[in-house]
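coords below, sequence missing:
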């Protein structure tokens with residue numbers, strides 16, 4: 001297996017698990033996995049958006065808004081809907 005396939009596989013595993021944790025309301029665990037996703041791909045607007053959402057749910061509004069703003073800068077149109085509270 002090539003290194004790039006390994007990174008792609010790791011990315012998918014962490015991303016899918018992070019989204020599952022988010023959907024279950026396990027925001028701290030989701031943040032940990034979104035951190036891993038962003039370490040593999042720091043241009044992923046969805047990971048920034050969802051991690052920002054998790055931070056906001058944990059009342060860490062500054063961190064949440066920073067991530068949501070980053071998602072907007074990376075081109076996420078969905079993130080624009082979350083800027084209202086920032």
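Structure received. Here the structure is a predicted model, which is why all the values come from computation and not from measurement.

quick one: contacts of stretch 65-74?
Under the contact criterion CB atoms under 8 Å, 6 or more residues apart in numbering, stretch 65-74 has outside partners 43-46, 48-49, 51-53, 55-56, 78-80, 82-83, 85-86. (Each C-beta comes from the backbone N, C-alpha and C, glycine too.)

host element of residue 30?
helix 27-40 (DSSP states H and E).

ok, and for that helix, which residues are buried?
Across helix 27-40, burial judged by 16 or more other CB atoms under 10 Å covers 27, 29, 30, 31, 32, 33, 34, 36, 37, 38.

where in the protein is pLDDT low?
1-8 (pLDDT under 70).

identify the residue nearest the geometric centre of it.
residue 47 (2.4 Å; CA atoms, centre = their mean).

so it is in contact with residue 38, correct?
Yes - using CB atoms under 8 Å, residue 47 is in contact with residue 38, at 5.2 Å.

quickly find the element holding residue 11.
helix 3-23.

my bad, should have said residue 43
Counting by DSSP H and E, no helix or strand carries residue 43.

neighbours of the nearest residue to it once chain neighbours are set aside, how many?
Excluding the flanking residues, the one nearest residue 43 by CB to CB, 6 or more residues apart in numbering is residue 74, at 6.1 Å. Per other CB atoms under 10 Å, the neighbour tally for residue 74 reads 16.

would you mind giving both backbone torsions of residue 74?
Reported as degrees, to the nearest 10, the phi and psi values for residue 74 are phi -80, psi 0.

and the nearest residue to the residue nearest to the centre of the chain once chain neighbours are set aside, what does it touch?
Spatial nearest neighbour of residue 47, excluding adjacent residues (CB to CB, 6+ apart): residue 37 at 4.5 Å. Residues counted as contacts of residue 37 (CB under 8 Å, 6+ apart) are 11, 14, 15, 18, 44, 47.

most neighbours of all these, which one?
That'd be residue 47 among the contacts of residue 37, by other CB under 10 Å, with 28 neighbours.

that residue: what secondary structure?
helix (DSSP: H, G, I helix; E, B strand; the rest coil).
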